[in-house]
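Novice: Structure for the following, please:
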Amino acid sequence: MKKWIVLGVLGFLALIIFMALVSGYNGLVKKSQAVDSQWAQVQNVYQRRADLIPNLVNTVTGAANFEKSTLVAVTDARASVGRVTIDASHAPDDAAKLQEFQNAQGQLSTALSRLLVVSEQYPDLKANANFQILQVQIEGTENRISVERGRFNDAVQIYDTAVHSFPAALYAGIFGFHDKPYFTAAPEAQSAPAVTFPSFK
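Specialist: Numbering: from 1, shown residues only. Here you go, the predicted structure:
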């Protein structure tokens with residue numbers, strides 16, 4: 001009789017442990033899926049920006065004597081972004097790969113910023129309705145990128161915390177759940193940009 005009671009208690013404990021493992025595993029899957037979903041959103045807004053660039057370049061090309069080096073920089077930066085391939089359906093696990101992606105996107109952001117600054121010197125271009133619309137869309141997309149990157153980092157923080165929390169920390173690695181990298185601030189973000197204004201004579 002005691003033997004059956006002991007076996008029953010052990011079986012009950014094993015069932016509780018099994019259910020806790022299943023629940024913990026499913027929780028990690030859900031959090032990992034949330035990171036992947038947010039990664040797809042990040043990719044979506046970056047793609048939106050990339051899709052706007054050809055129209056922007058075509059509009060700017062029509063401006064007389066516009067700096068060709070600025071247009072070449074934007075075109076080259078957009079092409080370099082396309083060479084960094086990361087699966088849009090799965091958030092990167094490799095911090096170096098995410099950094100490569102971030103660097104390419106950062107070069108494109110810099111080139112676009114330069115183009116928009118240079119365009120200020122061209123009154124006809126500034127008055128162009130198509131250019132104004134594209135400029136607003138680009139600026140809005142940059143804001144969306146910032147928001148989606150923040151949301152991605154939030155999802156990664158929740159996931160990484162779950163991976164390192166007890167009891168998931170005991171089995172997460174066994175089932176292939178490892179830390180996911182964050183987007184990081186660019187080094188130049190640590191210091192305020194120098195702002196210079198042209199002198200008018």
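Novice: mind listing the helices for the protein?
Specialist: In the chain, the helices defined using DSSP state H lie at 2-61, 68-83, 95-119, 123-127, 129-164, 168-171.
Novice: ok, now which ones touch residue 36?
Specialist: Residue 36 makes contact with 89-91 under the criterion CB atoms under 8 Å, 6 or more residues apart in numbering. Just so you know, the C-beta spots here come from the backbone N, C-alpha and C atoms, and that holds for glycine as well.
Novice: same thing with residue 138?
Specialist: 49, 52, 56, 112, 116.
Novice: circling back to that earlier point, reformat the contacts of residue 36 as CSV; add neighbour count, distance to residue 73 and pLDDT.
Specialist: As requested, the contacts of residue 36 are arranged in CSV below (neighbours: other CB atoms under 10 Å; distance: CB to CB, whole Å; pLDDT from 0 to 100):
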residue, neighbour count, distance to residue 73, pLDDT
89, 10, 31, 81
90, 14, 31, 87
91, 25, 29, 91
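Novice: Including distance to residue 1, could the residues you listed go into a markdown table?
Specialist: Output for the contacts of residue 36, formatted as a markdown table (distance: CB to CB, whole Å):
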| residue | distance to residue 1 |
| --- | --- |
| 89 | 56 |
| 90 | 54 |
| 91 | 55 |
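Novice: Of the residues you listed, just say which sits nearest to residue 20.
Specialist: Within the contacts of residue 36, distances to residue 20 taken as CB to CB reach their minimum at residue 91, with 26.3 Å.
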